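Enquirer: Next input, structure requested:
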Amino acid sequence: MQLVLVRHGQSTNNAHFAAEIARQQAREKAASEGAQIVEEVVGYPARVPDPALTDLGVRQAQALGKALEAGRLPFVPTHLYASPTLRAVATARPVSEASGLPVVLQPDAYEVGGIQSIDEDTGDRVAHPGATLEELQRHGGELRAPAGLFPGTGQPWHGGFEPDLEGALPRARRVLSSLLAAHRMDDVVVLVSHQFFAQFLLAAALGWDSPPWMRFRVHNTGHLSLRLEHGRVVTEWVNRADHLETADVTN
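Expert: Got it, this is the predicted structure:
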């Protein structure tokens, strides 16, 4: 089985985080130059628990779908999965439309930590429910959900909150085991997931006891490929994003 991990397109939180980094750099630069007011240089919009794609993120996802349709990707999927998050299903949608494959929600493929909000007073992470199937369909188009992911019509999935990192590697192992059990050796399985969780998927596939903390960079809609055959794992490539224009590459 070939497993292609695709990171979602740029989300609003990715953009907010980049803005915060720019704000911090501007503050440091301004302070070194003796400025008194630096907060006006770059604002920082608040993060949200389950962010959607930015306009750039949509464009990145569309570029991925167009590259697939034109035969310019180094893989042709036979099956398509996505994390049950708004940004992941929206990224999978153009791939689904280009390939004719439905997007199957993989309930364990969400980002490390799960869906969470931040208490503005204490800074503590707080568990937050995920989206409903109907909300995900508005972003992701044709979706298939495994039984039990949603408690009922119009009700959200639990969100997968994790108080620490301890649950991420066992969860990554469950994802790999379920995919290997469901697919043949010649299947090409595409999973749209998240940058940090991809580190744990790599660790699970390669048999490591912890993820590679010297992290593999994965750009928005960048992808990596693992070949899993006869108990062996070969990493074919990491972080290919040549479907994007240079100006559209973000991380």
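Enquirer: Just the residues contacting stretch 125-140, thanks.
Expert: For stretch 125-140, contacts defined as Cβ atoms under 8 Å, 6 or more residues apart in numbering pick out 49-50, 52-53, 82, 84-86, 88-90, 92-93, 96, 103, 105, 110, 113-119, 143, 145, 149-150, 153-161, 163. C-betas here are computed from N, CA, C, even on glycine.
Enquirer: For the chain, name the helix or strand with the lowest mean pLDDT.
Expert: Within the chain, no helix or strand scores below helix 12-32, which has a mean of 70 by mean pLDDT, DSSP states H and E.
Enquirer: Angles on the backbone of His223, please.
Expert: phi -140, psi 160 (degrees, to the nearest 10).
Enquirer: wait, it sits on Val4?
Expert: Yes. The pair His223 / Val4 is scored as a contact, 5.4 Å apart, by Cβ atoms under 8 Å.
Enquirer: joint contacts of these two?
Expert: Phe75.
Enquirer: Are any of the contacts of stretch 125-140 buried, and if so which?
Expert: 49-50, 52-53, 82, 84-86, 88-90, 92-93, 96, 103, 105, 110, 113-117, 143, 145, 150, 156-161 (16 or more other Cβ atoms under 10 Å).
Enquirer: Which ones among these map onto helices?
Expert: 86, 88-90, 92-93, 96 (DSSP state H).
Enquirer: Find the residue at the geometric middle of the chain.
Expert: For the chain, the residue sitting closest to the mean C-alpha position, by Cα atoms, centre = their mean, is His194 at 2.5 Å.
Enquirer: Now for it: which residues touch it?
Expert: 7-8, 83, 85, 88, 109-112.
Enquirer: cutoff 7 Å now
Expert: By Cβ atoms under 7 Å, 6 or more residues apart in numbering, the residues touching His194 are 7-8, 83, 111.
Enquirer: quick one: the helices in the stretch 101-250 of the chain?
Expert: 133-140, 168-182, 195-206 (DSSP state H, counting those that start in this stretch).
Enquirer: what about the nearest residue to Glu142 once chain neighbours are set aside, how many neighbours?
Expert: Setting aside the residues directly before and after it, Glu142 is nearest to Pro102 in space (Cβ to Cβ, 6 or more residues apart in numbering), at 4.8 Å. Pro102 has 15 neighbours, counted by other Cβ atoms under 10 Å.
Enquirer: before we move on, what about Thr122?
Expert: Thr122 has 8 nearby residues by other Cβ under 10 Å.
Enquirer: swap in Ala203?
Expert: 19.
Enquirer: My read is that it contacts Leu169, right?
Expert: Yes. With contact defined as Cβ atoms under 7 Å, Ala203 counts as touching Leu169 (6.1 Å).
Enquirer: list the residues that contact both of the two?
Expert: Pro211.
Enquirer: Please tell me how far the nearest residue in space to Arg227 that is not next to it in sequence sits from Leu226.
Expert: The spatially closest residue to Arg227, leaving aside those adjacent along the chain, is Val234, at 4.3 Å (Cβ to Cβ, 6+ apart). Val234 is 7 Å from Leu226, where distance means Cβ to Cβ, to the nearest Å.
Enquirer: The two: who's more crowded?
Expert: Leu226 (21 against 11).
Enquirer: Beta-bridge partners for the more buried one, please?
Expert: In this entry, Leu226 is beta-bridged to Leu3, Thr235, by DSSP bridges.
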